[in-house]
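S.K.: Just to be clear, the model below is a prediction. Sequence and coordinates:
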Amino acid sequence: MTAHRTFVRRAAFAATVGAAALVLAACGGDKSAGGHDMGAKESGSAASASPQVDDHAKAEGRNDAEGHNSADVSFAKEMIQHHRQAVEMAELAEGRAASKDVKSLASRIEGAQDPEIEDMSGWLTAWGEEVPADMSGMGHDMSSSMPGMMSAGDMDELKKASGVDFDKKFLAMMVKHHEGAVAMGGTEKSGGKYGPATRLAADVVTAQTAEIEQMNKMLGKS
């Protein structure tokens, strides 16, 4: 009887130990599998993030590489003032022009050059340069400071005109003004370094050359 009880105890103990071993093995397997999955996920995350980091670094490198020079600064400062006067002239057309074509042209000039003034002002700020003060409507004579600019007397004459007289004066003055802008754009295209500035200069040359041709036709010159 005693021997039989001892045998039963040993059998029960062995069964318990075996069960515990199976549990530990299962837990170890789960942990190992879980660790493997997590490592794969982390590796995948790192791999998926890597191209984004590389792209950002490349973009920063391009921005750093695209510098500017003194020609870019001069172009931006002068063209801001040049554009401001063109916008001031264009704003006069709404209440003075007789021709719908003149009003339409003036509106187009204003709509194109206002955003360009904002762009160039942003460049100067980013470069640590001072944005020129707005002298529009203050009677300052800047006709000698850059090509195509109207004198204070020219602006007074335009403000006093109306109807057909305004149309003729506006077109004649704006042709001269555009010719100055085209010359300034050509200088920037040949001497500038900053990509956005040279591209804007090219756009100015293209757009304003076309408008010069249009205005000359309106004046009956071609």
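M.R.: That came through, no problem.

S.K.: what residue ranges in the chain score low on pLDDT?
M.R.: Within the chain, the stretches with pLDDT under 70 are 1-66, 136-144, 222.

S.K.: Give me the neighbour count for Ala97.
M.R.: 22 (other Cβ atoms under 10 Å). From N, CA and C alone the C-beta is placed, and that goes for glycine too.

S.K.: Ignoring the adjacent residues along the chain, who's closest to it?
M.R.: Distance criterion Cβ to Cβ, 6 or more residues apart in numbering; nearest residue to Ala97, sequence neighbours excluded, is Lys103 at 4.9 Å.

S.K.: Contact partners for the one you found?
M.R.: Ala93, Glu94, Ala97 (Cβ atoms under 8 Å, 6 or more residues apart in numbering).

S.K.: Kindly report the same for Asn69.
M.R.: Contacts of Asn69 by Cβ under 8 Å, 6+ apart are Gly191, Gly192, Lys193, Tyr194.

S.K.: go on, Ser121?
M.R.: Ser121 touches Ala76, Ile80, Val131, counting by Cβ under 8 Å, 6+ apart.

S.K.: closest to Glu179 among those?
M.R.: Ile80 (18.4 Å; Cβ to Cβ).

S.K.: Against Ala181, how distant is the closest one?
M.R.: 12 Å (Cβ to Cβ, to the nearest Å).

S.K.: Having no further points to raise, I will conclude here.
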